[in-house]
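Chemist: Return a 3D structure for these sequence lines:
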Amino acid sequence: MKKRKRAVSTTTQFHDDEAKIEKEKGINKVYNYFRYTTGTSLDCMLEIGILRNCITYYIRDLEKMNLLQAVFRARDKHTRRMAKHYSADPAMWKNISDRQLNIVFDESI
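Modeler: Residues are numbered from 1 along each chain as shown. Okay, here's the model as predicted:
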């Protein structure tokens, strides 16, 4: 019987707390894209490489956190269909006031 050779381990043990590099989360990539660019979810997908269905969930979550807003609807440059264009720049957002209307009833009737 032939003996099998053991595979040589090429991994090294490197313990340096300062050299830790973490991957950026998907929602942060989407937010950073819309901070500097106004575009659709398809534009974002093509630029950062995250699946579009994930991007739509991230957009929904960012809108709930008031960090992102649809600034206008226009034709998408890729599909030529109407699409929302998003931005994380508050200067571009529409001012939506949440005022409660006061209804006063006349009691003289």
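
Chemist: Count the neighbours of Glu47 for me.
Modeler: Neighbour count of Glu47, defined by other CB atoms under 10 Å: 13. In this view, the C-beta of every residue, glycine as well, is placed from N, C-alpha and C.

Chemist: How about Met65?
Modeler: 10.

Chemist: cool, and Leu46?
Modeler: Neighbours of Leu46 using other CB under 10 Å come to 12.

Chemist: Can you list the neighbours in contact with the helix or strand containing it?
Modeler: Per DSSP states H and E, Leu46 falls inside helix 41-48. Outside helix 41-48, the residues that touch it by CB atoms under 8 Å, 6 or more residues apart in numbering are 29-30, 33-34, 37, 39, 50-52, 55-56, 59, 76-79, 83, 86.

Chemist: one more time with 10 Å, if that's ok
Modeler: Here helix 41-48 makes contact (CB atoms under 10 Å, 6 or more residues apart in numbering) with 24, 26, 29-30, 32-34, 37, 39-40, 50-56, 58-59, 76-79, 81, 83-86.
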